[in-house]
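Chemist: Need a 3D model of the sequence below.
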Amino acid sequence: MSQRTNQMERTRSAIVAAARELADTGAEITMPAVAAAARVSDATAYRYFPDLVTLLRAAVTVEDQVAALRAVTVSDDPVERIGQAAEILGRAVLRRQGAVRVVVASAIARPSTAGERPAQRFALIDYALAPWIEANGPDEQLVRDLAVVISAESLFTLTDLCGLSAEDAVAGLVATARRVTTAAVAAPAR
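Modeler: Purely as a prediction, here's the structure:
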């Protein structure tokens, strides 16, 4: 690798790390703030990332939430596992909510880019339901129902519109995900 390539990779890594650090503080995130934290010019930051959303996708999707879920699951009970998945996603969203809000807002403003959003909720849902689906077969409706519940959008609805505290909002996600799963599991054969 050339010295220039090494420097470019270091600069890119510094920008991503600065964005991640800002996201972890819960601060409002802008490209100038990230550039300042990375000690590069705004123009340099934009050379590496054409917009803030692209940068935030690179910065906040490094966390493997399925690995976090795998570390805490000890049961094959789909209700317990889906509750754990909802809690992991809810806490991850809260930890980096400034960045998550920017990504969600971008997808709302430009629906054509919605497919570029990280689909962590689906990986969590798939892993949480895997033992039950293996025994009972796929349930696409349950996955769709849970995708509505286990989401940043639902968490923000609970905090912003319903006025719940962060802890109560996460508890609400968990309880709703568990209720949806309980109903699906108890339903007659599909």
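
Chemist: Need the contact partners of stretch 29-46.
Modeler: 11, 14-15, 17-19, 21-23, 27, 49, 51-52, 55-56, 98-99, 102 (Cβ atoms under 8 Å, 6 or more residues apart in numbering). Where you see a C-beta, it was placed from the backbone N, CA and C, and this is true even at glycine.

Chemist: now with 6 Å?
Modeler: Identification of contacts with stretch 29-46 by Cβ atoms under 6 Å, 6 or more residues apart in numbering yields Ala14, Ile15, Ala18, Ala19, Leu22, Leu52, Gly98, Ala99.

Chemist: Between all of the residues you listed, which two are at the greatest distance?
Modeler: Greatest spatial distance among these (Cβ to Cβ): Ala14 and Gly98, at 19.3 Å.

Chemist: from the chain's centre, how far out does the helix or strand encompassing Val16 sit?
Modeler: Assigned by DSSP states H and E, Val16 belongs to helix 3-25. Chain-centre distance of helix 3-25: 21 Å, with Cα atoms, centre = their mean, to the nearest Å.

Chemist: May I see the buried residues of it?
Modeler: Neighbour-count burial for helix 3-25 flags Thr11, Arg12, Ala14, Ile15, Val16, Ala18, Ala19, Arg20, Leu22, Ala23 (criterion: 16 or more other Cβ atoms under 10 Å).

Chemist: Quickly name whichever of these is closest to Asp64.
Modeler: Closest to Asp64, out of all of the buried residues of helix 3-25 and judged by Cβ to Cβ, is Arg20, at 14.3 Å.

Chemist: I figured the closest one was touching Ala59, is that so?
Modeler: Yes. Here Arg20 lies in contact with Ala59, judged by Cβ atoms under 6 Å, at a distance of 4.5 Å.
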